[in-house]
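Peer 1: Turn this into a model:
(2 chains)
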Amino acid sequence: MIEPTAERPHPSIRTYLMVGAVLAVITAVEIAVFYITAFARFLAPTLIVLSIAKFSLVVMFFMHLRFDHRIFRWLFVGPLAIAVGVVLALVALFVTG
Amino acid sequence: MAEGLATAHAEPTSTGLDHRKMGFWAFLGSECMFFGSLIATYMAFKGRSASGPQPHEILNIPLTSISTFVLLMSSLLMVLALAAVQRGDRLGMKLWLFGTPFFGAIFLGFQVYEFVTFVEEGLTLQVNLFGGSFFVLTGFHGAHVSVGVIWLLTLWVMALRNRLTPRDATLVEIAGLYWHFVDIVWIVIFTFVYLLQ
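Peer 2: Numbers count the residues shown, from 1 in each chain, chains lettered A, B, ... in the order given. Below you'll find the predicted structure:
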């Protein structure tokens, strides 16, 4: 039997609204960064970091992975790691090949 | 409290966790690998199209930025719908369970417009590697959004008929997991396909 106490209460409406606002702001920043030529050199790392931030916020707060049982986290993060590995391996193969 | 009621509605399991939710997270894990392979294919083929339209010539960033924002906000409406169901707030669940698929349908409208425009401009599945990998990736995502819209509309009809109670919160939560998943897939697609050309 898995520890039933591992799940915590879901966030409040206020938290959901704050996360929604942060997601909107990050999207606006992404678009701004895309158009500002001064950022061209750092475009890829900046956009990747912003994308990871948005992805994490949705997964942790909207999908409740931060609050639910950790077994759900592993069910998702395990295959996600494989998927990221496949992307990196294929890109490395084709870029260097 | 609502979670407790939802759990009481479910069958007892050896893990003590709701087996529907457990199964659905496993399904989302498999979906990660599915979309991971499509994104990997797109990335591997990037910049290898010998002819036909190239990404920087054809992708419409302002339009896609609006559709991205719409899909993100639909995720916000989805959690508000879940919270309303958990509270037993009938007006809230009807409103947000309609708003979420409505925003999803707007996103699909943008995607249909984009696809039609691209085909008119000469980008098709067969024309080059970019066209093939782009339409397969975004097309599969669009198909997932379509399934989500239908799923959420059925929940909305249930809410209209007063057949959604706090005991059914897990049903809405699982639909929400699916909806948020298509949102996070789009977050990745928007960055790697549209912004990093």
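
Peer 1: now the helix or strand of chain A with the lowest mean pLDDT, how far from the centre of its chain.
Peer 2: Of all helical and strand segments in chain A, the minimum by mean pLDDT, DSSP states H and E falls on helix A:70-96, at a mean of 91. On the basis of Cα atoms, centre = their mean, to the nearest Å, helix A:70-96 is displaced by 13 Å from the centre of the chain it belongs to.

Peer 1: Establish whether that helix and chain B are in contact.
Peer 2: Yes: interface with chain B: helix A:70-96 contributes A:71-72, A:75-76, A:78-80, A:82-84, A:86-87, A:89-91, A:93-94 (Cβ under 8 Å from any Cβ of the partner chain). Quick note: C-beta positions are derived from backbone N, CA and C, even for glycine.

Peer 1: Name the SS class of B:R163, please.
Peer 2: Classification of B:R163 using DSSP: H, G, I helix; E, B strand; the rest coil returns coil.

Peer 1: dump the residue contacts of it.
Peer 2: The neighbourhood of B:R163, defined by Cβ atoms under 8 Å, 6 or more residues apart in numbering or on different chains, contains no residues.

Peer 1: For residue 90, list the residues it contacts.
Peer 2: The chain I'm using is chain A. Taking Cβ under 8 Å, 6+ apart, one finds B:A40, B:T41, B:M43, B:A44 in contact with A:L90.

Peer 1: nope, chain B please
Peer 2: Contacts of B:R90 were listed using Cβ under 8 Å, 6+ apart, and they are B:A159, B:N162.

Peer 1: Also the one 3 residues further on?
Peer 2: By Cβ under 8 Å, 6+ apart, the residues touching B:M93 are B:A81, B:A84, B:V85, B:A159, B:L164, B:V172.

Peer 1: From these, list the ones also adjacent to chain A.
Peer 2: Cross-checking the contacts of B:M93 against chain A (Cβ under 8 Å from any Cβ) gives no overlapping residues.

Peer 1: Need the three-state assignment for the residue nearest to B:D89 when sequence neighbours are not counted.
Peer 2: What sits nearest to B:D89 in space, not counting adjacent residues and going by Cβ to Cβ, 6 or more residues apart in numbering or on different chains, is B:A83, at 8.0 Å. The local conformation at B:A83, judged by three-state DSSP, is helix.

Peer 1: quick one: B:A83 and A:L17 touch, right?
Peer 2: No: counting by Cβ atoms under 8 Å, no contact exists between B:A83 and A:L17, whose distance comes to 10.7 Å.

Peer 1: Tell me which residues touch the closest residue to chain B within chain A, please.
Peer 2: For chain A, the nearest residue to chain B under the criterion Cβ to the nearest Cβ is A:A83, separated by 2.6 Å. When the contact criterion is Cβ under 8 Å, 6+ apart, the partners of A:A83 are B:C32, B:M33, B:F35, B:G36, B:S37, B:I39.

Peer 1: Show me which of those residues is closest to chain A.
Peer 2: For those, the nearest to chain A is B:G36 (2.6 Å; Cβ to the nearest Cβ).

Peer 1: That closest one: helix or strand, and which one exactly?
Peer 2: Taking DSSP states H and E as the criterion, B:G36 maps to helix B:19-45.

Peer 1: For that helix, what does the pLDDT average out to?
Peer 2: pLDDT averaged over helix B:19-45 equals 95, rounded to a whole number.

Peer 1: and the following helix or strand past it, anywhere near chain A?
Peer 2: On the C-terminal side of helix B:19-45, the closest following helix or strand by DSSP H and E is helix B:55-58. No: with Cβ under 8 Å from any Cβ as the threshold, helix B:55-58 lies outside contact range of chain A, at a closest distance of 11.6 Å.

Peer 1: is it true that A:I26 touches A:A53?
Peer 2: Yes: at 6.0 Å, A:I26 counts as touching A:A53 under the criterion of Cβ under 8 Å.

Peer 1: List the residues that contact the residue most central in space within chain A.
Peer 2: The structure's chain A has its C-alpha centroid closest to A:F55; by Cα atoms, centre = their mean the separation is 2.1 Å. Neighbouring residues of A:F55 by Cβ under 8 Å, 6+ apart: B:I184, B:I187, B:V188.
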